[in-house]
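Chemist: here's a sequence, model it:
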Amino acid sequence: MVTTVNPKGQVTIPGPLRVRYGFPPGTKVAWIEREDDLIPRPVRTIDGLVGAVAPDPGRRSLADQLLHDRHAEREREDG
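Modeler: As a prediction, this is how the structure comes out:
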């Protein structure tokens, strides 16, 4: 696929490539220079990474761990 740089220096990423490589509207793009190549990469945000890694089934969520710790702390305080 070939695209053209417009007078503002902008390039349109063709739709099929946006879908395949993860460039939804509003995505920030990092430009990587490697030897004689220029490689665009989508910049992943924290929100975009949520759910990207499966949680460890044997591990508590942070919220559950904090609630557990707070409960244990109250029990120690109350004697």
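Chemist: residue 30 sits in which helix or strand?
Modeler: According to DSSP states H and E, residue 30 maps onto strand 29-34.
Chemist: and that strand, how far out from the chain middle?
Modeler: Counting by C-alpha atoms, centre = their mean, to the nearest Å, strand 29-34 is centred 17 Å from the centre of its parent chain.
Chemist: then stretch 28-42?
Modeler: The chain centre lies 17 Å from the centre of stretch 28-42; the measure is C-alpha atoms, centre = their mean.
Chemist: list the buried residues in it.
Modeler: residue 42 (16 or more other C-beta atoms under 10 Å). Bear in mind the C-beta positions are built from the backbone N, C-alpha and C, glycine included.
Chemist: quick one: end-to-end length of that stretch, please.
Modeler: 6 Å (C-alpha to C-alpha, to the nearest Å).
Chemist: what are the pairing partners of the strand holding residue 30, and which direction each?
Modeler: Strand 29-34 pairs in its sheet with strand 37-42 (antiparallel), by DSSP bridges.
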